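>>> generate coordinates for the sequence data below:
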Amino acid sequence: MPQENVPYETTPRVPAAVGPHKGWTLVLASFGLFMVALDTLVVATALPVLRVDLDAKLTDLEWTVNAYNLSFACLLLTGAALGDRFGRRRMYAIGLFAFAVASAGAALSTSVGALIAARAVQGGAAAIVMPLTLTLISQAFPAEKRGMAIGLWGGIAGTAVAMGPVVGGAITNGLDWQWIFWLNVPIGLVLVPLALRRLTESFGPRPRLDLVGLALAGAGFLGLTWGLVRANTVGWDSAEVISSLLAGAALVACFVAWQRRARNPMVPLRLFRLRGFSTANGVSFFMYASLFGALFLMSQFLQIGLGNSPLAAGLWILPWTATPMLIAPVAGTLADRWGNRPFMAAGLALQAIGLGWVAAIADPGMGYAELSAALTVAGVGTSMCFPTVANAVMGSVPQQEAGVASGTNSAVRELGGVFGIAVLAAVFTGPAVYGSPDAFVDAFKPALWVGAGLAAVGIVSALLAPRHEGPHPVEASGATARAADARAVPQMVRTDS
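Numbering: from 1, shown residues only. Modelled structure (predicted):
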């Protein structure tokens, strides 16, 4: 009888819940997280410049964002599995190095095709780095302090995603768009030796890679995301899109069926029977669909609709982007006491209200004050969701499943982002939308209303979450962990209330 959760090594390879280098873990994981999350939308405010410099079409611009998100989403489970199998510290360093190399390739691109290819490689490297940051942090801190640590993680992630347009605009305006990517190279090369020296190595509970599962998950996610991205180019009713979506869904169904019988499954399906885990992933999908779709169009609205420079556009978004630094750590800390559900629900409600407010008042002659008030509301809402979703995911599973839980949530998040960009772009697309500020705004407003609606749909999932997390699996520390039997099978604890 297969035992899916049996650790495959001796006790020294299964770390205690509290690592010996908590400070270094938080710092190094945070820098890596910031770098890969920043590049999710760092090209957003550079899109008008790329359109002229590389003679790119609207679909090309969409691909410069989605090539990264597509490979990111397709390979996230692979990245988490590689970390579990070969060591999280080792794979984290490899992912950072690959990301730096891919960034250099993006900076050297002389055509939109080369840039899209480099962005795809960047996304694959980020798929290794991103889930391991949350796993490393969750293992370095005890349960009673994990909310605070994940709150900081969420603040950094939210700030990086939302500051992508600001940084991209500032660099594009002051230097050139290539420097958006050159910036990653020295940071990555500095982080690699520090990670190898300062992080504690840890492994997951699976003795070998589930190669069949890797292939089915990667191909399934590729089919789904390819269909979503291509829909705005060839039409939602085209044979290519319909066949891609159907093939992707079929492969994901095969992946689920395989996970039920695999000896060492990538994703133990029993995790989705935990209400805290499944509802948090639902919140994550709709929150990121709304956020990514809105950011993709907002940065263009500020330049084409309002006539701002890339730098000015980034500064106009600051009320939206600055809030995660302030709100997310506080929300993460308060969630330890009050639970994650109220913060997820209220956060999505505020995000929907803020984006709907922008859609209602958008006009080529609008001023900074009225836009910033609406963006601040949306930003506060997003900031409340970032840490509490991550905390809900990590708090609802046993500690040894942290890697696969993080990878699964990251895959759901990126699929949500691709879905949001595809849906909002489909609503936005029309004849001559770039012809004048008025034409752009006329197409922008209904698309942003859809973005607000996606956030509102996520509230349902948030309200279905358990009021408080149930008792966590016993997490040993110090001498207790070293003396524990590494082959004891932990009990799964439901978080339903």
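
>>> quick one, domains of this protein?
11-209+264-473, 210-263 (automatic domain parsing).

>>> and those domains, which is most packed in?
Mean neighbours per residue, mean count of other C-beta atoms under 10 Å, is largest over the domains of the chain for domain 11-209+264-473, with a mean of 22. Heads up, the C-betas are built off the backbone N, CA and C, glycines and all.

>>> can you name the next helix or strand after the helix or strand where Pro329 lies?
Assessed by DSSP states H and E, Pro329 sits inside helix 323-338. Following helix 323-338 in sequence order, the next helix or strand is helix 341-361 (DSSP H and E).

>>> chain center to the very next helix or strand once past that following helix, what's the gap?
Following helix 341-361 in sequence order, the next helix or strand is helix 368-395 (DSSP H and E). When distances are taken as C-alpha atoms, centre = their mean, to the nearest Å, helix 368-395 is centred 14 Å away from the chain's centroid.

>>> could you say what helices and strands the next helix or strand after helix 368-395 packs with?
Counting by DSSP H and E, the element after helix 368-395 in chain order, helix or strand, is helix 402-428. Under the contact criterion of 3 or more C-beta pairs under 8 Å, 6 or more residues apart in numbering; DSSP states H and E, helix 402-428 touches helix 58-86, helix 112-140, helix 211-234, helix 275-300, helix 368-395, helix 437-463.

>>> so which of those helices is nearest Leu355?
Leu355 lies closest to helix 437-463 among the helices and strands packed on helix 402-428, at 4.0 Å (C-beta to C-beta).

>>> what's the mean pLDDT across that closest one?
The predicted model gives helix 437-463 an average pLDDT of 89.

>>> could the helices and strands packed on helix 402-428 be laid out in CSV, adding distance to Val427?
Listed next are the helices and strands packed on helix 402-428 as CSV, based on distance: least, C-beta to C-beta, whole Å:
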stretch, distance to Val427
helix 58-86, 13
helix 112-140, 23
helix 211-234, 10
helix 275-300, 9
helix 368-395, 18
helix 437-463, 4
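
>>> what's the nearest residue to Leu134 if we skip its chain neighbours?
In space, and not counting its chain neighbours, Leu134 is closest to Ser406: 4.3 Å by C-beta to C-beta, 6 or more residues apart in numbering.

>>> and the contacts of stretch 452-466?
275-276, 279-280, 282-283, 285-287, 289-290, 293, 339-341, 344-345, 347-349, 351-356, 359, 381, 392, 420, 423, 495-497 (C-beta atoms under 8 Å, 6 or more residues apart in numbering).

>>> mind checking pLDDT for Ser244?
pLDDT, Ser244: 90.

>>> my read: it touches Val229, true?
No. Contact between Ser244 and Val229 fails when scored by C-beta atoms under 8 Å: they sit 9.4 Å apart.

>>> pretty sure Trp182 contacts Ala100?
No. Contact criterion C-beta under 8 Å: Trp182 and Ala100 do not qualify, at 10.2 Å.

>>> for the stretch 1-150 of the chain, give me the ranges with low pLDDT.
For the stretch 1-150 of the chain, applying pLDDT under 70 flags the ranges 1-23, 40-42, 44-48, 51-53, 55-60, 62, 140-150.

>>> can I get the strand or helix carrying Ala106 in CSV, CA atoms only?
If you go by DSSP H and E, Ala106 is part of helix 88-107. The C-alpha coordinates for helix 88-107 follow below in CSV (Å, rounded to 0.1, in the frame of the first residue of the first chain):
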residue,chain,number,x,y,z
ARG,A,88,15.1,23.4,-1.6
ARG,A,89,18.3,25.5,-1.0
ARG,A,90,20.0,23.9,-4.0
MET,A,91,17.1,24.4,-6.4
TYR,A,92,16.5,27.9,-5.1
ALA,A,93,20.1,28.9,-6.0
ILE,A,94,19.7,27.2,-9.4
GLY,A,95,16.5,29.1,-10.1
LEU,A,96,18.0,32.4,-9.2
PHE,A,97,21.0,31.8,-11.5
ALA,A,98,18.7,30.8,-14.4
PHE,A,99,16.6,33.8,-13.8
ALA,A,100,19.6,36.1,-14.0
VAL,A,101,20.8,34.5,-17.3
ALA,A,102,17.3,34.8,-18.8
SER,A,103,17.1,38.4,-17.8
ALA,A,104,20.3,39.1,-19.6
GLY,A,105,18.8,37.4,-22.7
ALA,A,106,15.7,39.7,-22.5
ALA,A,107,17.9,42.8,-22.2
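
>>> which strands and helices sit next to that helix?
Against helix 88-107 (3+ C-beta pairs under 8 Å, 6+ apart) you get helix 22-38, helix 58-86, helix 112-140, helix 179-182, helix 184-198.

>>> run through the neighbouring helices and strands of the shortest one.
If contacts are counted by 3+ C-beta pairs under 8 Å, 6+ apart, helix 179-182 sits against helix 88-107, helix 143-174.

>>> so for that helix, mean pLDDT?
On average, the pLDDT along helix 179-182 is 82.

>>> mind checking how far that helix is from the chain centre?
Here helix 179-182 is found 21 Å from its chain centre; the criterion is C-alpha atoms, centre = their mean.

>>> please shift the residue numbers so they start at 52 in all later answers.
All set: I'll call the first residue 52, so the last point we hit is now helix 230-233.

>>> please save the CA atoms from it in PDB.
Presented in PDB, the C-alpha positions along helix 230-233 are these (Å, rounded to 0.1, in the frame of the first residue of the first chain):
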ATOM      1  CA  TRP A 230      17.600  48.200 -18.200                       C
ATOM      2  CA  ILE A 231      14.400  46.700 -16.800                       C
ATOM      3  CA  PHE A 232      16.000  43.300 -17.200                       C
ATOM      4  CA  TRP A 233      19.700  44.200 -16.700                       C
END
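
>>> any low-confidence regions in the stretch 302-451 of the chain?
In the stretch 302-451 of the chain, residues with pLDDT under 70: 361, 450-451.

>>> 90 instead, please
Filtered on pLDDT under 90, the stretch 302-451 of the chain yields the residue ranges 303, 306-332, 335, 339, 342-395, 412-424, 426, 430-431, 433-451.
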